[in-house]
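Undergrad: Predicted model follows, preceded by the sequence.
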Amino acid sequence: EVQLVESGGGLVQAGRSLNLSCATSGFHFDDYAIAWFRQAPGKRREEVACISAPNDKTEYADSVKGRFTISSDNVKNVVYLQIKDLEPEDTAIYSCAAELVFGDCGYEYDYWGQGTQVTVSA
């Protein structure tokens with residue numbers, strides 16, 4: 001059974017950093033792409049970062065370049081999202097998702113985690 005479980009969210013002050021984790025299981029981690037999304041209240045869901053192991057690449061939304069870093073631990077099967085210099089506008093539910101067909105970013109994601117809430121106070 002494919003599972004993705006996010007953790008690391010919480011209430012943080014603006015300007016601080018936060019590390020989110022996406023623990024995965026049920027599939028061969030090295031063959032797939034994992035992305036982080038966020039959805040703020042009243043806004044559309046936004047893909048913020050993606051890592052593709054088969055293509056050895058990472059991609060970022062323009063809105064987060066320079067502050068967000070996606071990485072993976074292929075032994076632990078965990079994908080991380082580091083967020084620096086948090087802003088109140090980063091407040092959202094952050095979810096990870098797996099793309100299992102092409103193993104690449106930009107395709108429809110097949111499996112999703114439940115999400116973790118990040119709230120940034122001014």
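TA: Yep, it's here. Numbering: from 1, shown residues only.
Undergrad: what are the ranges of the strands in this structure?
TA: For the chain, the strands defined by DSSP state E cover 3-7, 10-13, 18-25, 33-39, 46-52, 57-60, 68-73, 78-83, 92-99, 111-112, 116-121.
Undergrad: Mind checking these for the one nearest to residue 105?
TA: When those are compared by C-beta to C-beta, strand 46-52 sits nearest residue 105, at 3.6 Å. Backbone N, C-alpha and C define where each C-beta goes, glycine included.
Undergrad: now that closest one and strand 78-83, what's the angle there?
TA: 130 degrees (axes from the mean of the first three to the mean of the last three C-alpha atoms, to 10 degrees).
Undergrad: Surely residue 120 touches residue 10?
TA: No. Look at residue 120 against residue 10 with C-beta atoms under 8 Å: they stay out of range, at 9.9 Å.
Undergrad: Of those two, which one has the most company?
TA: Taking other C-beta atoms under 10 Å, residue 120 and residue 10 do not tie; residue 120 has more neighbours (20 against 12).
Undergrad: For that one, give me its contacts.
TA: Each residue near residue 120 by C-beta atoms under 8 Å, 6 or more residues apart in numbering is listed here: 11, 12, 13, 14, 86, 87, 88, 89, 90, 91.
Undergrad: filter these to the buried ones?
TA: By neighbour count, with 16 or more other C-beta atoms under 10 Å, those hold 12, 86, 90, 91 as buried.
Undergrad: ok, those vs residue 63, which is closest?
TA: Nearest member of the buried ones among the contacts of residue 120 to residue 63, counting by C-beta to C-beta, is residue 90, at 9.8 Å.
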